[in-house]
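Trainee: Here you go, sequence then predicted model.
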Amino acid sequence: MSQRPLVYHWIAHYNNGLGFSQFNPLTYKENSFNDIDQNKLIKFGLYPFTRELANGVKMTGTEVIALPFLPKYEIEINSDRRLIYYREVYISHEDYHLCKKCGKEFNYSKNTPKVSSKYSSPICPNCSGHDLFVCKSCNISYKRFEEVPGGMCEKCHGHVQREKITSDQYNRERRWIEYMLGYQYNLNGKNIKFLLKIDERGDSLIL
């Protein structure tokens with residue numbers, strides 16, 4: 001299984017003006033998040049990779065992508081705030097169909113429109129194509145199996161067979177990463193958490 005590429009890297013900013021980066025700017029090797037000096041930390045940020053940094057990091061075997069147009073995210077840290085940062089990697093297996101009518105593939109889910117029939121088939125969202133029942137003798141086609149009782153064409157009484165247009169399917173694995181960034185603090189004896197969920201497109205959501 002291939003590794004999901006990172007689109008963000010972190011930098012810890014210290015009160016002495018120095019910083020501690022996820023990837024060493026000289027060797028490009030990855031530093032441990034646990035090695036951050038929390039006592040000196042005043043700011044923590046997530047930044048998109050530059051092309052130079054991405055090329056160097058990839059040489060060490062870590063998969064990353066340079067998307068410099070992504071927004072950066074920074075949070076201020078003080079003695080009252082405890083940094084929260086982690087990544088969540090998701091994996092899903094999704095069904096796809098290839099429409100033989102228009103040649104385009106589409107994702108298949110429980111919400112995909114289908115032809116209601118004993119031999120149901122999904123309806124292509126691109127061209128509205130679907131499986132047909134075609135007479136081998138006169139080539140007339142029927143939308144549903146129920147329209148040809150006994151499998152015989154009502155026009156010429158020839159044999160009708162199913163032509164698969166959209167029913168053939170295959171499975172595809174999809175992976176994605178969400179970056180969780182925030183802090184926790186105590187207010188009147190109660191733990192308060194501020195947390196951002198940042199996706200690979202740079203969009204964020206406050207949880």
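Mentor: Ah, there it is.

Trainee: Can you report how many residues lie near Lys110?
Mentor: 5 (other Cβ atoms under 10 Å). Quick note: C-beta positions are derived from backbone N, CA and C, even for glycine.

Trainee: and it, that one's in a helix?
Mentor: No: counting by DSSP: H, G, I helix; E, B strand; the rest coil, Lys110 falls outside a helix, being coil.

Trainee: in this protein, which spans are helices?
Mentor: With DSSP state H applied, the chain shows helices at 51-59, listed in chain order.

Trainee: Report the residue ranges of every domain in it.
Mentor: Domain assignment for the chain, taken from automatic domain parsing, gives 8-92+174-206, 93-170.

Trainee: Mind putting the ones you listed into TSV with mean pLDDT?
Mentor: Shown next, in TSV, are the domains of the chain (pLDDT from 0 to 100):
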stretch	mean pLDDT
domain 8-92+174-206	95
domain 93-170	92
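
Trainee: List the contacts of the residue nearest the centre of the chain.
Mentor: For the chain, Trp176 is the residue whose C-alpha lies nearest the centre (Cα atoms, centre = their mean; 4.2 Å). For Trp176, the contacting residues are Arg4, Val89, Tyr90, Asp199, Glu200, by Cβ atoms under 8 Å, 6 or more residues apart in numbering.

Trainee: likewise Gln169?
Mentor: Applying Cβ under 8 Å, 6+ apart, the residues contacting Gln169 are Asp95, Tyr96, His97, Tyr108.

Trainee: Next, give me the two most distant ones among those residues.
Mentor: Farthest apart among the contacts of Gln169 by Cβ to Cβ are Asp95 and His97. That separation is 7.2 Å.

Trainee: more crowded one of these two?
Mentor: Per other Cβ under 10 Å, whichever of Asp95 and His97 has more neighbours is His97, with 20 against 14.

Trainee: Tell me the bridge partners for that one.
Mentor: Counting by DSSP bridges, His97 is bridged to Phe106, Gln169.

Trainee: from memory it sits against Asn171, does it?
Mentor: No: contact criterion Cβ atoms under 8 Å: His97 and Asn171 do not qualify, at 11.0 Å.

Trainee: show me where this protein has strands.
Mentor: 8-14, 19-21, 41-48, 73-76, 82-98, 105-108, 132-135, 141-142, 160-163, 169-187, 190-198, 204-206 (DSSP state E).

Trainee: how near is the residue with the largest distance to the centre of the chain to Leu98?
Mentor: Most distant residue from the mean C-alpha position of the chain: Cys156, 50.6 Å away (Cα atoms, centre = their mean). For Cys156, the distance to Leu98 (Cβ to Cβ, to the nearest Å) stands at 31 Å.

Trainee: returning to that earlier point: and which of the contacts of Gln169 is nearest to Glu163?
Mentor: Checking those against Glu163 by Cβ to Cβ gives His97 as the nearest, at 14.7 Å.

Trainee: Report the contact partners of the closest one.
Mentor: His97 is in contact with Glu105, Phe106, Tyr108, Pro122, Cys124, Thr166, Ser167, Asp168, Gln169, Tyr170, counting by Cβ under 8 Å, 6+ apart.

Trainee: ok, now Tyr90?
Mentor: Counting by Cβ under 8 Å, 6+ apart, Tyr90 touches Arg175, Trp176, Ile177, Glu178.
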